[in-house]
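Colleague: Sequence and predicted structure, then a few things I'm wondering about:
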Amino acid sequence: MSEHLTVVDHPLVQHKLTLMRDKNTSTAVFRQLLREISQLLAYEITRDLEMETKRIETPITEMDAPTLAGKKLALISILRAGNGLLEGIHDLIPSARVGFVGLYRDEETLQPVQYYFKVPAELEDRLVIAVDPMLATGNSSVAAIDLLKEAGAKNIRFLCLLAAPEGIARMKEAHPDVPIVTAAVDEKLNEKGYIVPGLGDAGDRMFGTK
């Protein structure tokens, strides 16, 4: 995967995203939709995984069959909202190793503050997929990728549900080697750093908090 930005315009992705944007969608339905859409986005972000063959025996005959090559990939959730995407992708790739980066946004400065970091070993030998539903200012995402690179990661991809032009530009400037896969690029950020039209605060809508 080489393009810096991929927008997944599949009809099912777009339909589910519309339901998630609707403010009348309940917390339970929002979480289920996020789980479903995460698998559709994961299908796209893993499209070019390296393959090898192994000898197996079907009920009919022996064959050389394709299988994933290399070390198990790493899924990194940017807490807390990243967990909604993580759950669906982990269902799809149950052998993946899982890590967490805890960042919260200072409401005054809009800058990320780290409070947790726990990731799998040997990141340098793994494809690393970082997940966070919203790429807004890009500050938290850039900080998370900084931490992953410091931990040794070399092959990183970023998966989000929604992206603002400001966040895309910030990521491209800081990490041009990290492709972004998203379901939509929205219009802009508002003065509070929220994506417009967006879908509100993904964490609050997932967990029913305010």
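Modeller: Arrived safely, thanks for sending. Residues are numbered from 1 along each chain as shown.

Colleague: Kindly provide the distance from L5 to L33.
Modeller: Computed with Cβ to Cβ, to the nearest Å, the distance linking L5 and L33 is 23 Å. In this view, the C-beta of every residue, glycine as well, is placed from N, C-alpha and C.

Colleague: Equivalent analysis for R157, please.
Modeller: 22 Å.

Colleague: and if you look at A136?
Modeller: Taking Cβ to Cβ, one finds A136 at 20 Å from L33.

Colleague: So the two - more neighbours on which side?
Modeller: Neighbour tally, A136 and L33, criterion other Cβ atoms under 10 Å: the higher count belongs to A136, 28 against 20.

Colleague: Mind checking the pLDDT average for stretch 103-117?
Modeller: Regarding stretch 103-117, the rounded mean pLDDT is 82.

Colleague: when you give positions from now on, start the count at 522
Modeller: Sure, I'll start counting at 522 from here, so that last one is stretch 624-638.

Colleague: L720 contacts L540, correct?
Modeller: No - L720 is beyond contact range of L540, at 9.9 Å (criterion: Cβ atoms under 8 Å).

Colleague: More neighbours: which of the two?
Modeller: Using other Cβ under 10 Å, the more surrounded residue of L720 and L540 is L720, with 24 against 16.

Colleague: which SSE is that one in?
Modeller: L720 belongs to no helix or strand when assigned by DSSP states H and E.

Colleague: can you pull the contacts of it?
Modeller: For L720, the contact set (Cβ atoms under 8 Å, 6 or more residues apart in numbering) comprises 541-542, 682-683, 726.
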